[in-house]
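Student: predicted model, plus sequence, below.
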Amino acid sequence: MTPIRTLWPTEIWRRIRRSARALRRDHHGVAAVEFAMIFPLMLVLFFGTVEICAAVAIDRKVTLIARTLSDLTSQAATSVDSSALTGIFTYGLYIATPYSAAPMKGQISEVYVDSNGKATIQWSQGATYSASSVTLTASTRHAGDVVTTVVPAALLVKQTYLILSEVNYQYLPMGGTGYVVAKTGIPLSDVSYTRPRQNACITYNGVPALTNNTCPTS
């Protein structure tokens, strides 16, 4: 029968210190632990960068769409109709590519600045976008609405017309995850003003009413 060895307190303490030194030198699994701690942060940074870059790119496209809508409308000779405005709004689909245009809305309005410097909506037409088409809808602006505070002071030239375009886009997080960007998304918008190129004003379905083919100036 093997005798039981009795350990003195000093030897027990020596073994504890030896085990502690061995544990301190043992680095097995350290990388895995560090990776497990850092990996969630890396994912947040990665997806955050992708989301922010996409939002910035779409915001830039919203600006380009707003400028395009007002610019194309201002190039009309004397008038536009619903078919013409549908075609103009459709350019927004192409500019938005490769991103979906589905959350986007736009509207085009004509503004008249009278002899007192008051800016008033003459006509306005809205549009909503799906992934592949445009549908004309009622505008949030109406004929007779005063928009003097909306128009920049430098553009309030008396007895002149302006084409105002407005674009709104609700940027939604990819996959609807909402880990970095809230699930409700980020509202993006921009406006653009352009003066009619070929005539003092541009009529839409007979508005404004011309007198001897001349735009009203009062």
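Tutor: That came in fine, so what should we check first?
Student: please enumerate the helices of this structure.
Tutor: Under the criterion DSSP state H, the chain carries helices at the ranges 9-25, 30-74, 82-96.
Student: point to the residue nearest the middle of the chain.
Tutor: With distances taken as C-alpha atoms, centre = their mean, L188 lies nearest the centre of the chain, 3.2 Å away.
Student: how about it: what's its closest non-neighbour residue?
Tutor: Y169 (4.5 Å; C-beta to C-beta, 6 or more residues apart in numbering). Just so you know, the C-beta spots here come from the backbone N, C-alpha and C atoms, and that holds for glycine as well.
Student: equivalent analysis for I186, please.
Tutor: Y171 (4.5 Å).
Student: if I look at the one you found, how far off is G117?
Tutor: Note on Y171: its distance to G117, by C-beta to C-beta, to the nearest Å, is 36 Å.
Student: ditto for T217
Tutor: 13 Å.
Student: surely V147 is in contact with L155?
Tutor: No: shown here, V147 and L155 do not form a contact pair, counting by C-beta atoms under 8 Å, at 11.0 Å.
Student: what is the neighbour count of T49?
Tutor: Using other C-beta atoms under 10 Å, the number of residues around T49 comes to 11.
Student: distance of it from A154?
Tutor: Using C-beta to C-beta, we find T49 at a distance of 38 Å from A154.
Student: circling back to that earlier point, I'd guessed the residue nearest to the centre of the chain sits against A57; true?
Tutor: No: assessed by C-beta under 8 Å, L188 is found out of contact with A57, at 10.6 Å.
Student: low-confidence stretches in this structure?
Tutor: 1-9, 12, 20-32, 175-181 (pLDDT under 70).
Student: one more time with 50, if that's ok
Tutor: Within the chain, no range satisfies pLDDT under 50.
Student: what sits closest to T160 if chain neighbours are left out?
Tutor: Nearest residue to T160 in three dimensions, chain neighbours excluded: V113, at 5.4 Å (C-beta to C-beta, 6+ apart).
Student: what sits against the one you found?
Tutor: Shown in contact with V113 (C-beta atoms under 8 Å, 6 or more residues apart in numbering): A119, V151, L155, L156, V157, K158, Q159, T160, Y161, L162.
Student: tell me the phi and psi of the residue nearest to I121 when sequence neighbours are not counted?
Tutor: Take I121 and drop its neighbours on the chain: the residue closest to it by C-beta to C-beta, 6+ apart is D145, 4.3 Å away. Main-chain torsions, D145, degrees, to the nearest 10: phi -60, psi 130.
Student: quick one: D145 and W123 touch, right?
Tutor: No: in this structure D145 lies outside contact range of W123 using C-beta under 8 Å: 10.7 Å.
Student: so the two - more neighbours on which side?
Tutor: Counted by other C-beta under 10 Å, D145 and W123 do not tie: W123 has more neighbours, with 22 against 16.
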